[in-house]
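K.L.:
Fold the following, please.
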Amino acid sequence: MIAKVRRLLEIDTLSVSRLVALLAVALLSCSAGPALADAPQSSGLRMVIVLSRHGVRSPTHPAELQAYARQAWPSWPDHPGNLTGRGALLMRQYGAYYRREYAGVLGAANACPPSGAVFVWADLDQRTRATADAIVQGLAPGCGIAVHHASGDADPLFDPLPGIGVVNKAASLASIEGAVGGNLSGLTDAYAAQFAAMERVLGCVAPASCKPISRVPTTVANDGDGGLATISGGLDMAADVAENLLLEYTDGHADVGWGRVDRGRLLELLQLHVLTKRLEEGNRYTARAHSSNIMAHILQTLEEGAGGTAVAGTRVPPQSRFVFLSGHDTQLAEIAGLLGLSWLIPGDQFNDTPPGSALIFELYTPDAGGSPFVRTFFTSQSLDAMRAGAGENPLRVPVYVPGCPSLDCPFATFTRVVDEAIDPAFVAPW
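P.N.:
Predicted coordinates:
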């Protein structure tokens with residue numbers, strides 16, 4: 001007991017109330033015996049936090065990739081970067097799924113959830129706010145659930161830099177360079193098959209007039225938020241190409257990649273997109289600098305659910321049972337890097353973060369005196385379901401959090417894992 005309390009006291013807490021909540025969890029763990037690692041789904045689901053990417057959007061910078069394609073890229077009716085009509089439909093379907101999946105905390109589908117049970121927060125972009133609106137429409141239509149968001153030009157929950165903490169530019173640069181032996185050009189050889197397939201799709205093979213994307217040097221520099229290192233050049237452009245083809249596919253376009261891309265080809269090309277995300281956003285330094293803030297507040301919200309009382313530092317009301325955070329694939333990739341997470345949705349690429357996909361943290365407080373614990377999942381509508389506009393039954397897979405004894409992670413252990421992963425220098429009150 002004393003050792004457990006001493007360990008909690010060593011954690012860099014953000015408020016006195018948070019320390020009290022952690023001590024309460026530790027006392028509960030000591031008095032109740034070992035965690036219920038194999039507890040069934042029905043054993044006291046207390047709170048659900050969904051950190052979601054926005055739904056299907058139109059390409060953000062369509063003109064930038066034209067130099068690498070023989071044919072003109074298809075035009076989209078939507079404003080660049082906005083949620084599409086298909087994206088809104090799929091997110092409404094996702095909202096209805098969440099309502100079915102979590103009826104235990106939200107109540108019957110034919111009635112509005114209890115007052116205050118749902119809390120929704122969205123980043124400031126049109127696609128994130130529109131995604132949250134669509135989720136609410138599917139989750140609880142006509143119930144007047146508000147979509148909250150920050151005021152101003154940026155939300156530090158999703159974009160903490162610059163403003164929270166100071167980036168060590170040398171460490172950030174080394175975190176990418178050191179992952180590839182100091183030579184990013186080697187990636188072109190390592191992924192030669194994927195680059196060659198992409199150039200065939202783009203029609204950029206000799207004697208075409210466009211630029212072969214594999215011949216564009218890949219570089220890294222401190223050009224990101226607050227001076228974080230970012231990747232530019234060939235690999236970055238290849239990742240954008242793969243992302244745009246993914247958007248065409250999931251938006252239901254008839255001729256994806258000018259008719260040269262089916263799901264198998266898309267999965268091959270997505271390897272370049274996932275690689276770029278892992279190097280640029282999933283590296284340890286970037287993950288800590290850019291996602292410590294949001295992960296700290298997710299933990300505080302879970303503490304609120306575990307203790308049943310308000311915790312300083314989170315905006316989420318203590319009576320909330322379902323929390324939806326509408327963000328970007330950036331947050332999913334960064335938290336994967338921060339906590340060492342991986343996932344695989346059947347029919348998709350390893351560690352992909354397609355539109356509408358989400359990390360889910362479920363908090364259980366068993367009724368029979370057991371210790372609280374956390375289950376983590378990754379969920380996504382399948383690529384083919386999105387393409388067909390039939391995303392009513394998303395897929396979900398369990399995610400292991402390293403440092404936990406099993407897929408069911410005792411809350412005290414989960415707290416320690418997160419506290420050891422985040423950097424308090426990049427955390428501020430929400």
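K.L.:
what's the burial count for Val397?
P.N.:
12 (other C-beta atoms under 10 Å). Every residue, glycine included, has its C-beta placed from N, CA and C.
K.L.:
buried stuff in stretch 45-65?
P.N.:
Neighbour-count burial for stretch 45-65 flags 45-59, 62, 65 (criterion: 16 or more other C-beta atoms under 10 Å).
K.L.:
quick one: terminal-to-terminal distance for that stretch?
P.N.:
Start-to-end span of stretch 45-65 (C-alpha to C-alpha, to the nearest Å) is 46 Å.
K.L.:
Just give me how far it sits from the chain centre.
P.N.:
8 Å (C-alpha atoms, centre = their mean, to the nearest Å).
K.L.:
quick one: which of the buried residues of stretch 45-65 sit in strands?
P.N.:
If you go by DSSP state E, the buried residues of stretch 45-65 have Leu45, Arg46, Met47, Val48, Ile49, Val50, Leu51, Ser52, Arg53 in strands.
K.L.:
State the pair within the residues you listed that is farthest apart.
P.N.:
Using C-beta to C-beta, the pair of those lying farthest apart is Arg46 and Arg53, separated by 24.9 Å.
K.L.:
List the contacts of the helix or strand encompassing Arg387.
P.N.:
Element membership for Arg387 (DSSP states H and E) is helix 383-388. With contact meaning C-beta atoms under 8 Å, 6 or more residues apart in numbering, helix 383-388 is reached by 56, 86, 90, 246, 249-250, 252, 263, 266, 347-348, 354-356, 391, 393-394.
K.L.:
again, only using 10 Å
P.N.:
The contact list for helix 383-388, computed with C-beta atoms under 10 Å, 6 or more residues apart in numbering, reads 55-56, 86-87, 89-90, 93, 246, 248-253, 256, 263, 266-267, 270, 345, 347-349, 352, 354-356, 380-382, 390-395.
K.L.:
Just the buried ones out of those, please.
P.N.:
Buried by 16+ other C-beta under 10 Å: 55-56, 86-87, 89-90, 93, 246, 248-253, 256, 266-267, 270, 345, 348-349, 352, 354-356, 380-382, 391, 394-395, out of the contacts of helix 383-388.
K.L.:
pull the longest helix from this structure.
P.N.:
For the chain, the helix with the greatest residue count under DSSP state H is helix 284-307.
K.L.:
Compute the inter-axis angle for that one and strand 45-53.
P.N.:
150 degrees (axes from the mean of the first three to the mean of the last three C-alpha atoms, to 10 degrees).
K.L.:
which helices and strands sit right next to the helix or strand that helix 284-307 is followed by?
P.N.:
Following helix 284-307 in sequence order, the next helix or strand is strand 322-327 (DSSP H and E). Counting contacts by 3 or more C-beta pairs under 10 Å, 6 or more residues apart in numbering; DSSP states H and E, strand 322-327 packs against strand 45-53, helix 85-101, strand 118-122, helix 126-139, strand 147-149, helix 284-307, strand 358-364.
K.L.:
Quick one: distance of strand 322-327 to the chain centre.
P.N.:
From the chain centre to the centre of strand 322-327 is a distance of 10 Å (C-alpha atoms, centre = their mean).
K.L.:
now do stretch 141-158
P.N.:
17 Å.
K.L.:
Next, the distance between the ends of that stretch.
P.N.:
27 Å.
K.L.:
ok, now stretch 298-315?
P.N.:
For stretch 298-315, the end-to-end distance is 10 Å (C-alpha to C-alpha).
K.L.:
pLDDT of it, averaged?
P.N.:
What stretch 298-315 shows for mean pLDDT is 93.
K.L.:
List the buried residues of it.
P.N.:
Within stretch 298-315, the residues that qualify as buried are 298-307, 311, 313-315, counting by 16+ other C-beta under 10 Å.
K.L.:
Could you save these as a markdown table and add columns showing distance to Asp423?
P.N.:
Converted to a markdown table, the buried residues of stretch 298-315 look like this (distance: C-beta to C-beta, whole Å):
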| residue | distance to Asp423 |
| --- | --- |
| Ile298 | 15 |
| Leu299 | 14 |
| Gln300 | 16 |
| Thr301 | 19 |
| Leu302 | 19 |
| Glu303 | 19 |
| Glu304 | 22 |
| Gly305 | 24 |
| Ala306 | 23 |
| Gly307 | 25 |
| Val311 | 20 |
| Gly313 | 16 |
| Thr314 | 18 |
| Arg315 | 21 |
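K.L.:
and the two most separated of those?
P.N.:
Pairwise distances across these peak at 17.6 Å for Ala306 and Arg315 (criterion: C-beta to C-beta).
K.L.:
Could you break the protein into its assigned domains?
P.N.:
If you go by automatic domain parsing, the domain ranges for the chain are 18-165+281-430, 169-280.
K.L.:
any idea how far the shortest one is from the chain center?
P.N.:
Using C-alpha atoms, centre = their mean, the distance from the centre of domain 169-280 to the centre of the chain it belongs to is 20 Å.
K.L.:
do the first one as well
P.N.:
On the basis of C-alpha atoms, centre = their mean, domain 18-165+281-430 sits 7 Å off its chain's mean C-alpha point.
K.L.:
Tell me the spacing between Thr301 and Tyr400.
P.N.:
21 Å (C-beta to C-beta, to the nearest Å).
K.L.:
For stretch 159-179, buried residues please.
P.N.:
Buried residues in stretch 159-179, counted by 16+ other C-beta under 10 Å: Asp159, Pro160, Leu161, Ile164, Gly165, Val167, Ser172, Leu173, Ser175, Ile176.
K.L.:
ok, Leu161 touching Ala289?
P.N.:
Yes - the pair Leu161 / Ala289 is scored as a contact, 6.6 Å apart, by C-beta atoms under 10 Å.
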